Each structure stands twice: as structure tokens, then as C-alpha cells.
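Chemist: What would the 3D arrangement of this be:
(2 chains)
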Amino acid sequence: MTSPIVLDDVAVRLDSVTVRYKVALDAQITLKESIVRGRRRRFVEHIALDDVTLAVARGEMLGVIGRNGAGKTTLLNVMARVLPPTAGRLRLRGSVSSIIDLLSGFHPELTGRENAYLRGAFLGVSRARMHERIDPIAAFADIGRFFDAPLRTYSAGMIVRLAFAVTASVDADILLIDEALGVGDAEFQAKCAARMAEHRARGVTFVVVSHDVARLQASCDRIVWLDQGRIRALGDPGDVVAQYAAAQHSA
Amino acid sequence: MIEYDSAARRPRAFEELIELRAHASLLHALVARNLKVRYKRSAFGFLWTMASPALMLIVLSLAFTRVFAASAPAYPAFVFPGLLLWNFFAQTTTMSGEEMTGSDIWKRMRFPKTALAISTLLTGIINLTLALVPLIVILAAAHRPLGLALVTLPLTIVLTAMFVLGASLILASGALHFADVMPAWNMLLPALLFTAPVVYPAAILPPSLRPWLQLNPMTLYLEAFRAPLYSNSMPAASSFALMLAIGAATLVLGWLLFTRSADDIAYRA
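Modeler: Residues are numbered from 1 along each chain as shown, chains lettered A, B, ... in the order given. Next up is the predicted model:
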């Protein structure tokens, strides 16, 4: 089972974090409608994360499982500070880098090389650092001459490779990864796993969302199971996965 | 070690400045992207940027050179500087408004969102500066007196940029809340052009109407930009002071409005 966490060693800490989305029932209201008819946009609330309290230790690898819509990506978005919590508190210790979406920050007309610089800049990497990293990124992505061709000529798998290559090269203390995005072929997966092991050896903290439950069970220190925005189970990978599997079968 | 605590955040307007500093390379990368995307696919990239003001210049010159012969001699030399600065204002506000509301990139990555507007502005400044070359050629061909007054141009451009950035941010915060703000702005812009002395000299208006032009803040910047180019005269110190006051006030207002609403936008849409 997990050992108790000393506060000093916590990289990510969520206290009673709730995320309530407003889901619009109508299309976006126009200024005209707002003035002329005094119309307000109608929303229904959707609770994507409900009172989630969670601490990720420095150097830990936490897996996140759950059905579609359970709040996995929202959890990553909160940790990445893309979504400010509606209620509750988020504390981070260390720099954060994330891959939550494949295409964000990429431009179809730019080459892979130019897009790597752009994505790196969005992630807060300095230009000098990107100059040092660009060759390793090209090698990691391993897409040959396409690295200098416009992104619009890429296959989906090549875009995955480029996006992961950039994120994998960033020196973050905390890495947030949504693997549900797809991770390319077996060979590239092995390469990603090797790179993750290197990062882990350096003490990088990982939070990984995946549908590949067996793989998470094998590689994570702990697993959290999200269900309708709440934590259903948190702890030893074997235990949580067993509970998750049992619930899937009974459902 | 970087620490973050959502319970101890600084005011948003200030937090944004700190994040911009940490993302200095982002401005560089975005400007490079804007220029590359525009200039890469066609050998005539820069010419395309110039196409709209150049066409306007030709059409307006054909129509008005004789009409304004007395009030604005060498009319092409009168109208071109104004067109370029107006184009800078119109393109920057439109492009940053559309970029900041048209994509959902900030729902996926954490970065200072004002960087999108600032990089659009910097791109506009580069295009404006490049356009000074054909502008000076035309002025020289029209035998306009060019001289020392030109040294005021960089200052005027910087002050105009302050105002334009502020206007872009105000517009973007409106567009974040209402879907029709950007279409309305696109509709309004051509009309606004005629509320400033771009196409016609202010002198043709009856004296009672002239003060109304000042209601369009761009009037001030246009006249300060045109004075050294068209008549080799420096704008008055008071006019620089006013440009600074209006520019700073607009920028501060835009910054506060935008940073206040930008955080919540990940929740909407």
C-alpha cells in the first residue's frame, strides 16, 4: 500500500477541488440580443470534478483511469492550470508540462521543426534551450524528411510523434500526459516508455491518463479511479484495477 | 523551485505580466509564425500585405487628386501615410480579436493569453515599418519635403501601438462574451475610416465640425504620423502628451478588462 505522504514531498496537491462547467443550452448570445431583448444565455451546470482531494508525491507516477466523461482530462487540465478550480485549492511544486491535446499550438503551414519551436514556446521553453533540443526532438520523433515538411502533409501518427517528442524533451518537474490521445505504433510506444523511465530516474512526477489499464497497472505507483467526477478508489494499482474491472463486469 | 497556490494568486493583471516574462520566447515564436505563414507560401507575401493599401491608394488618388488639389496638394502623398496607419489599426484589432476568440488553444495549454494580441501587434509594427520603404519612395517621387521631422515617427508608432493594443484587448474581452462583437467590428471599420481624416483633409470640414473628428482617437495618431511625412513638420509636444495619455489609458483599461475575463473563458463556450 502507499506510504503516508510528507507535505514537503508533494508535487501536486488538490484540496476539495470542484470544477463546475456551464454547459450552454443555446448558441452564444449576441450583444444585440443581450441589449435588445435583455436575453441571458441559459446554462446547465455540469460537475466535472466533485470535491477531489489528492496528493501526488514528488517522483511518483500516478495513473488515472475511468470511463469517458469521468473527469480524467479535466483533472489534468486543473493540474496544468488551464482550468482554474471552481472551488477548492490547487498547489503545485515544480514546473509543469503537459500533453493534453495533440494539435494545440501547431500550425498546418509550418514545418515540423518550426512547429516544435512554437510548441516549445507555448510550453515556456526558452529559445536557446530549444536550439539545443531540436536535434534530439527530430531524432525522437523519427519522421525523417517530414520534419522539414509542412504539418499539413503529416499522417495522424506523425503528428502524435512530433507532439510527444516535443513534450518529452521539456525539462519539467511534473509531466501530465493524456495517453488516450493515442501513442503511435509499438516501436514508438517503447521509445516513449524508455524516455519516461529516464525522466522518472531524474525524479520527475508523472500523472498519466490512459485507457490501457494493464499498462498503467504495470508502470504506476498508484492509480486513481475517477467516476462521475469523484474519486471511486485511490491506491495500489492492483487493488484499484481489480475494483475497476469488477465494476465494469457488473455494469 | 516554482511554486503555485491557487489560494494565493496575485491580481490577474499582474500575474499576466509575470507569466509573459516567463514566456518571452513565445512572443518571438508567434511573431515568427505570423510572418512565416503569411510570407512563406507566396513569393509575393509582402506585396500581398501591401495590396490592400496600394489598391486603395490608386483608387482614391484617381478619384480625389483633383477634388482635394487645393486642400491636400500631392494627394497620393497625403493619403498614403494615413492609409498605412489605419490599416495597421484595422488589421491588428481584427486579427487579434479573431485569433483570441476563434481558437480553443487556451483550453489545452497554459500560457499568457495576451501574448496572442501582443504578437499580432508586433507583426503589425513590422509590416508597418516595412511599408515605410514604398511610402518614402512615393513621397520622394511626389517631391515632398522629407527631413528631420521623420525622427518623430518611431515615437508616434510606439504611442499608436499602445492605443491599438489597448483597443484590441477591449475588443477581445467583448468578443469573449458576445458572438457578434467581431462581425460588428468588421462592419463598423469601413465606416469608422470616414470619421477620421484619412481620405480627406480635416481642413475641408467646416470649422464647427472639425472638433468632432477628435472623437475618433485615431485622428490624433493619424495626424501625428502624417505631419512629418507629408509636410516635414513635427507634431506639437502637447499632441505627444495627449497620445501618451490616451494610449496608456486605453491600454490599462484593456489589460484590466481582458485579464479579468480571460481566465474564466475555459469554462464557457
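Chemist: Check which helix or strand the residue nearest to residue A:56 when sequence neighbours are not counted maps to.
Modeler: With sequence-adjacent residues excluded and distances taken as C-beta to C-beta, 6 or more residues apart in numbering or on different chains, residue A:56 is closest to residue A:12, at 4.1 Å. C-beta: built from backbone N, CA, C; applies to glycine. Take DSSP states H and E as the rule and residue A:12 turns out to sit in strand A:10-24.
Chemist: tell me which strands and helices that strand is in contact with?
Modeler: strand A:43-57, helix A:72-79, strand A:87-93, strand A:205-209 (3 or more C-beta pairs under 8 Å, 6 or more residues apart in numbering or on different chains; DSSP states H and E).
Chemist: what's the third one in contact with?
Modeler: Outside of strand A:87-93, the residues within contact range by C-beta atoms under 8 Å, 6 or more residues apart in numbering or on different chains are A:10-18, A:20, A:51-52, A:58, A:78-79, A:81, A:173-174, B:1-7.
Chemist: show me what contacts residue B:265?
Modeler: B:106, B:176.
Chemist: Make a markdown table from the helices and strands packed on strand A:10-24 and add mean pLDDT to it.
Modeler: A markdown table is the format used below for the helices and strands packed on strand A:10-24 (pLDDT from 0 to 100):
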| stretch | mean pLDDT |
| --- | --- |
| strand A:43-57 | 90 |
| helix A:72-79 | 93 |
| strand A:87-93 | 94 |
| strand A:205-209 | 95 |
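Chemist: Put together TSV for these, with mean neighbour count on each row.
Modeler: Shown next, in TSV, are these (neighbours: other C-beta atoms under 10 Å in any protein chain shown):
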stretch	mean neighbour count
strand A:43-57	18
helix A:72-79	24
strand A:87-93	18
strand A:205-209	24
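Chemist: wouldn't the residue nearest to residue A:56 be in contact with residue A:53 here?
Modeler: No - contact between residue A:12 and residue A:53 fails when scored by C-beta atoms under 8 Å: they sit 11.8 Å apart.
Chemist: All the strands of the stretch 1-150 of chain B, in order from the start?
Modeler: Along the stretch 1-150 of chain B, the segments classed as strands by DSSP state E, counting those that start in this stretch run B:3-5.
Chemist: circling back to that earlier point, could you flag which of the contacts of strand A:87-93 are buried?
Modeler: A:10-15, A:17-18, A:20, A:52, A:58, A:78-79, A:81, A:173-174, B:6 (16 or more other C-beta atoms under 10 Å in any protein chain shown).
Chemist: that older thread, can you name the element that comes right after the strand holding residue A:12?
Modeler: helix A:31-36.
Chemist: Show me what counts as buried in that next one.
Modeler: residue A:33.
Chemist: next one: stretch B:189-201
Modeler: So, applying 16+ other C-beta under 10 Å, buried residues of stretch B:189-201: B:193, B:196-201.
Chemist: In helices, which of those residues appear?
Modeler: residue B:193 (DSSP state H).
Chemist: could the buried residues of stretch B:189-201 go into CSV alongside distance to chain A and pLDDT?
Modeler: CSV is the format used below for the buried residues of stretch B:189-201 (distance: C-beta to the nearest C-beta, whole Å; pLDDT from 0 to 100):
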residue, distance to chain A, pLDDT
B:193, 22, 93
B:196, 24, 93
B:197, 29, 93
B:198, 27, 92
B:199, 29, 91
B:200, 31, 93
B:201, 35, 92
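Chemist: what residues are up against residue B:168?
Modeler: Neighbours of residue B:168 in contact, by C-beta under 8 Å, 6+ apart: B:92-93, B:96-97, B:117, B:120-121, B:254.
Chemist: where exactly do the strands run in chain A?
Modeler: A:10-24, A:43-57, A:61-65, A:87-93, A:96-99, A:174-178, A:205-209, A:222-227, A:230-235 (DSSP state E).
Chemist: would you turn these into TSV with distance to residue B:23?
Modeler: Formatted as TSV, those follow (distance: least, C-beta to C-beta, whole Å):
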stretch	distance to residue B:23
strand A:10-24	21
strand A:43-57	25
strand A:61-65	27
strand A:87-93	17
strand A:96-99	13
strand A:174-178	18
strand A:205-209	22
strand A:222-227	30
strand A:230-235	33
